[in-house]
Structures are given as C-alpha cells and as structure tokens.
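> Sequence first, predicted coordinates after that:
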Amino acid sequence: MGLLNFFTKDKKESLDKGLEKTKENIFSKIAKVIAGKSSVDADVLDNLEEVLVMSDVGVNTTLKIIKRIEERVSKDKYVSTSQLNSILKEEIAALLSENNTEDLTEFTIPENNGNPYVIMVVGVNGVGKTTTIGKLAYQFKKQGLKVMLGASDTFRAAAVDQLTIWAKRVDIPIVQKGMNADPSAVAYDAIKAAREQGMDVVIIDTAGRLHNKINLMNELSKIKRVMQKVIPDAPHEVLLVLDASTGQNAVEQARQFTKATEVTALALTKLDGTAKGGVVIGISDEFKIPVKYIGVGEKIDDLQVFNKYEFVDSFFNQ
C-alpha cells in the first residue's frame, strides 16, 4: 500500500516528534512480542493483542485488527515477524479507511452560500478546548479566511478570559459577555455579528460540564436552536475536543458527548505528551466520527489536520 505524502517536511517532522512517546512504548513491546520468533503464530498474535490494548487502541478495535492479521497469516501460510510492522500499518490504515475519517490536506471550510461556517466546539474542561479553538482560528486565518470567536463557555470566568487572550493573539474579533451570561445569547450575537461583518468562519466555545448529562444536553440543544434563528442550518460542525493523554477516559467522554449532541468531528489533543496515541485509532473506529485535527505540540502551529495515511505511517515508523 502506497502511503500518500501530503504533508510538508516540517509538518511530518512535527507529527513524528509528537508521536515519539507512543512509538517508543509500542515498539519496545512489539520487540518483546517477536523476540526469538521467525513467523507470526498464535502466541505472537495473543501478545500483540495485549500490546495494542495496553496502547489504548481499545479492545473491540484491537480484536478487529488481530482478526485481519489472522486472515492474512492464514491466506499467506507464512508471515515472518519482520513483516509484522508493515502488516499492522496496512491493516490499521484499511480499518480507518472504512470509517468516516477524512483525509484533509489543509485547514479549509466548505462553501456556505455566503453565510459564515459555524463550528460549535464541545468538550470537558482541561482537554485543551480553548487552546484548540485558538490554534484552529490561527490556521483558518493563515488560509486567508475571516474568523470570529464566540465565548459561550460562560460557566467559568477563566474560559472567557482565555478565549479573549487567544482572540488578541491571533488578531481576530470575539463576542463575549463575561461569566454567567446566557450561553445561547452569546452564540446568537456572535453568529449575527459574523454574518453582518462578512466572516467566513465563526467558532463557538461551549461549557464542558459532564456532571449532569441532562443539563448538558439541554444547554447544547438550546444553543443550537438559537443559532438557527440566524442561520437555519447552523451549526455546520460540532467539534468534540478530547485529550489523548487520558486514554480510555477520552473514549468515555466521546461516549457521553455523542449521547448529548450530534458530534460530527473530533480533535485529539496532547498527543506529544502521551504514550497512549493508539486512542486515536480506537476512537475513530468505535464512533465512526471523523478525526479532523490532532494536537502534537504546544506551539501555535502544532495543530494539524488529520490524515490517516500520514498518521499510521508515522505511528509505525521507527
């Protein structure tokens, strides 16, 4: 399988560096799995299954991968352990191809009949939601798009302040009414202002409370209804931000948010600080929601569009 190289050298190096901890973790374990073995047999597959689960790929996704490799071993009669890395790369890329994972090459938005493209961002506090919004706004602006932010996470004063700092840093407008303001009113005003000012994109932050799913569901539904008073088909994207370093906790958050609202895209942050990068594969497979962005570092340029071929190629390249 030829892996397409859409990335610049700098972005590829950034991705490789961001996945270093995960790669060190998984390669050291795979090395033990194949030690003293010349071919891929039942013992190798059993141990590989454990390695993938421990790398937060997830049980169900791991079982799919192992089944695919078993079928190849059965078909080819003999598969050497030296081929295992290439086979893993091919089968995981094929698995991701069957999901709704998009292959983006740059930060773009679809044509939207003259209206701003509305992105509603959801996720619990602490996952890097505000930072992701700021970096995403920066990338859109680099593409020549006019961007506005809406600070609808009014539950925490820090959330409004942090988003305002990012707006100043990126040099884009923000609509905010401070802490305890009605989140829906902020979203309404932001979208109205964005349309009136000819913006291309408006990104709406929302509160990340999971302690009461009914309240969360009601709040997100209300924000959507109010948005639609301005632009009937808004939001055009509901982006769930997850912290990859939390592993299976990120999976559980995805489960809760997909129950509370219709999530259409995922952003996985903090991949550079974790050995649990396999969670990207598991989440993409389990929820069939496209991973659009990944965070591979702290710099403003370290938010990347997700390309499954580049990701898997980097993931399994020593």
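That came in fine, so what should we check first?
> pLDDT value on the most centrally placed residue in the chain, please?
The chain has Ala267 as the residue nearest its centroid, 2.2 Å off, counting by Cα atoms, centre = their mean. Confidence at Ala267, expressed as pLDDT, is 95.
> Next: the one 5 residues further on.
Confidence per residue is given as pLDDT, and for Asp272 that number is 84.
> so what's the residue nearest to the centre of the chain closest to, chain neighbours aside?
Tyr293 (4.1 Å; Cβ to Cβ, 6 or more residues apart in numbering). No exception for glycine: its C-beta is placed from N, CA and C like everyone else's.
> My guess is that neighbour contacts Leu136. True?
Yes: judged on Cβ atoms under 8 Å, Tyr293 makes contact with Leu136 at a distance of 6.8 Å.
> related to what we said a few turns ago, confirm that the residue nearest to the centre of the chain sits in a strand.
Yes: counting by DSSP: H, G, I helix; E, B strand; the rest coil, Ala267 is part of a strand.
> Quick check: it touching Val296?
No: the pair formed by Ala267 and Val296 falls short of the contact definition of Cβ under 8 Å, at 11.7 Å.
> okay, and the common contacts of these two?
Shared contacts of Ala267 and Val296 (Cβ atoms under 8 Å, 6 or more residues apart in numbering): Leu303.
> The residue nearest to Ala267 belongs to a strand?
Yes: counting by three-state DSSP, Tyr293 is located in a strand.
> Could I get the pLDDT score of it?
Per-residue pLDDT puts Tyr293 at 94.
> Flag every buried residue along the helix or strand harbouring Ala31.
If you go by DSSP states H and E, Ala31 is part of helix 20-34. Residues of helix 20-34 classed as buried: Lys21, Thr22, Lys23, Asn25, Ile26, Lys29, Ile30, Val33, Ile34 (neighbour count, 16 or more other Cβ atoms under 10 Å).
> helices or strands up against it?
In terms of contacts (3 or more Cβ pairs under 8 Å, 6 or more residues apart in numbering; DSSP states H and E), helix 20-34 is packed against helix 42-54, helix 84-97, helix 308-315.
> Show me the one of those helices that comes nearest Val186.
Val186 lies closest, by Cβ to Cβ, to one member of the helices and strands packed on helix 20-34: helix 308-315, at 34.6 Å.
> ok, how many other residues are close to the residue lying closest to Tyr138 once chain neighbours are set aside?
Distance criterion Cβ to Cβ, 6+ apart; nearest residue to Tyr138, sequence neighbours excluded, is Val170 at 4.7 Å. Close neighbours of Val170, defined as other Cβ atoms under 10 Å, add up to 21.
> Val170 contacts Phe140, correct?
No: contact criterion Cβ under 8 Å: Val170 and Phe140 do not qualify, at 9.1 Å.
> overlap in contacts of these two?
By Cβ under 8 Å, 6+ apart, Val170 and Phe140 have these common neighbours: Val147.
> Pull out the buried positions in the helix or strand where Ser14 lies.
Following DSSP H and E, one finds Ser14 within helix 9-18. Across helix 9-18, burial judged by 16+ other Cβ under 10 Å covers Lys11, Lys12, Ser14, Leu15, Asp16, Gly18.
> ok, back up a step: which ones are touching the residue nearest to Ala267?
Residues counted as contacts of Tyr293 (Cβ under 8 Å, 6+ apart) are Thr132, Leu136, Leu239, Ala265, Leu266, Ala267, Leu268, Leu303, Gln304, Val305, Phe306.
> hmm, try it at 10 Å
Contact analysis of Tyr293 by Cβ atoms under 10 Å, 6 or more residues apart in numbering lists 104, 107, 132, 135-136, 139, 239, 241, 265-269, 303-306.
> That one pairs with what?
Bridge pairing for Tyr293 (DSSP bridges) gives the partners Ala267, Val305.
> Verify the contact between Asp313 and Leu88 for me.
No: the criterion here is Cβ atoms under 10 Å, and Asp313 misses it with Leu88 at 11.5 Å.
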